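With the input below, show me the fold.
(2 chains)
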Amino acid sequence: MPEALRAPTREGVLAALSGVADPEWPVSIVDMGLVYEVGVAEGVVTLTLTFTATACPCMEMIQEDIRDCLLRLPGVRDVRIEVSWDPPWTKDRLTERARVALRRCGVTV
Amino acid sequence: MSTPLLDRAAALPRETVPPLVDLVTALADNKHALGLRYGEWCSSGPTIEAGVAATAMAQDELGHARVLYGLLEELPGAPRRSEHEWAAGDARTVAFVDRPFPSWPHLIVANLLVDQALTLVLETALGSRYLPLRQRTRKLIEEEQFHAVHGQGWLLQLAAEGPRVRSVLDAIIREAWADAVCWFGPDRGGALAPLVAVGVLREAGDAVRRRFLRQIGPLLRDAGLASLLRADGDGWVPAEALPWAEWDESRRRMRRG
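Numbers count the residues shown, from 1 in each chain, chains lettered A, B, ... in the order given. This next block holds a predicted model:
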């Protein structure tokens, strides 16, 4: 099957998002725990996303990066992002990989 | 049987929309104004650390305004707002935050009275039946915890400098007092009562005011600044009757301001 016709999967989307970095730290948005939900249907990816703070200055930049990344995946024709503040993000959402990377930057987690 | 959630603006009972629009607009505009006012002290606080704290709080408040303005977008009849553009002539703010703070103690009083009054109102929406409001509230309250600690610590520190500074602080508290203490609404909430009746807010009016005074009463007493309130049983009450004749319910501020 030609690659362009292959249906995107949730796992494929998450793998791609693992390449989208938080602009402030050398950690992906997945390892930061910013991705709450991923849905894929008929070429449309729906994401529920949070941010570490309501005043995060990078919200729009991160959403742009996500769209740029996912629209390059075969079979993805649209990306819909919903921002959620419930539950609030906490450090508990960091993966071990994120913790290692942040400690290397001098952040206590 | 639990009461069903109201998951979108169209599900709200009609009579609750205007007071909800007024409340959210006033919450967001006051937070926007606090963000601007705190931000004016980013590089001119009494210490470097104070300026950094003002910067962090300014950023939080502007973030909260952005989140709350998002709530207005789906409410019919709500004014158009953006965190990037100040609503100048139409802003629903209390008079105390209308203009730049002339001194650092003004910032601390705003931090302690205005900022915390808004937070207590937000707390009444923690379990709101109106889902879009409920989903935003917890995050905002979590981010406010540090603002409360900041205001309390600085008030005690300033008050300890002596009677002259306490006299200045007392005068500044009087400027902000009526707007802050009336913000919860009269009696059972006044214009906010329909929101309580349908579960959009848990409570309003006297119940929230009592909680606010219980929070700030001991602090003001310890700082030697409790001239505007008095202990009453296990709580605190205003020492003088509140000026309800001057209170504008829809704009949530004193008319004289």
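
and the residue of chain A nearest chain B?
A:Ala55 (2.9 Å; CB to the nearest CB). C-betas here are computed from N, CA, C, even on glycine.

which residue packs closest to that residue, ignoring adjacent ones?
Leaving aside its sequence neighbours, A:Ala55 sits nearest to B:Gly63 (CB to CB, 6 or more residues apart in numbering or on different chains; 2.9 Å).

For stretch A:37-45, which outside residues touch it?
Applying CB atoms under 8 Å, 6 or more residues apart in numbering or on different chains, the set of residues contacting stretch A:37-45 from outside is A:7-10, A:13-14, A:17, A:46-48, A:70, A:75-80.

May I see the buried residues of that stretch?
A:Val38, A:Val40, A:Val45 (16 or more other CB atoms under 10 Å in any protein chain shown).

again with stretch B:20-40
Of all the residues in stretch B:20-40, those buried under the rule 16+ other CB under 10 Å are B:20-39.

Identify the residues contacting the residue nearest to A:Ala55.
B:Gly63 makes contact with A:Ala53, A:Thr54, A:Ala55, A:Cys56, B:Glu143 under the criterion CB under 8 Å, 6+ apart.

quick one: which of the contacts of stretch A:37-45 sit in strands?
A:Thr46, A:Leu47, A:Thr48, A:Asp78, A:Val79, A:Arg80 (DSSP state E).

Can you tell me which residues in chain A are near chain B?
Counting by CB under 8 Å from any CB of the partner chain, the residues of chain A close to chain B are A:Ala53, A:Thr54, A:Ala55, A:Cys56, A:Pro57, A:Ser84, A:Trp85, A:Asp86, A:Pro87, A:Pro88, A:Trp89.

tell me which of these is nearest to B:Gly235?
Within those, the smallest distance to B:Gly235 is 30.2 Å, found for A:Pro88 (CB to CB).

still on that earlier bit, most neighbours out of the ones in strands among the contacts of stretch A:37-45, which is it?
A:Leu47 (24 neighbours; other CB atoms under 10 Å in any protein chain shown).

any idea how far B:Pro18 is from it?
In this view, A:Leu47 and B:Pro18 are 34 Å apart by CB to CB, to the nearest Å.

same thing with A:Val79?
Distance, A:Val79 to B:Pro18, by CB to CB: 36 Å.
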